[in-house]
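[1] model the structure of this input:
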Amino acid sequence: MKKDQLVEAIAEKTGLSKADAGRALDAVVEVVVAEVARGEKLQIPGLGTFEPRERGAREGRNPQTGETIQIAATTVPGFKAATAFKSAVGGK
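    A predicted model of the protein is given here:
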């Protein structure tokens, strides 16, 4: 599903115009990104939890040369699906 299809589905389910549904979707995405970027956990019941995750420094290899390189520690976004979401996808 692409964004325009998602916006259309939101508009149909909520009775909002497509423009309003698009703005609402953009606002939700903006809030999720901002919260996780600040280091906060954000839970959406029935969907899941978005959170920052620490990835430690490690040693890697350049596949072209085989040379060992150091990969710096970083923070990445993570998502853990809610039980209801897992059940819906798993068909249970």
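
[2] contacts for the host helix or strand of residue 70?
    For residue 70, the enclosing helix or strand under DSSP states H and E is strand 68-71. Contacting residues not belonging to strand 68-71 are listed as 57, 58, 59, 60, 61, 62 [C-beta atoms under 8 Å, 6 or more residues apart in numbering]. Any C-beta I mention is one placed from the backbone N, CA and C, and that applies to glycine too.

[3] same check, this time on stretch 19-39
    Stretch 19-39 has contacts (C-beta under 8 Å, 6+ apart) with 3, 6-8, 10-11, 14, 16, 41-42, 50-52, 75, 77.

[4] 10 Å instead, please
    By C-beta atoms under 10 Å, 6 or more residues apart in numbering, the residues outside stretch 19-39 that reach it are 3-4, 6-17, 40-42, 44, 50-53, 75-79.

[5] out of these, name the ones that lie in strands.
    Within the contacts of stretch 19-39, residues falling in strands by DSSP state E are 42, 44, 50, 51, 52, 53, 75, 76, 77, 78, 79.
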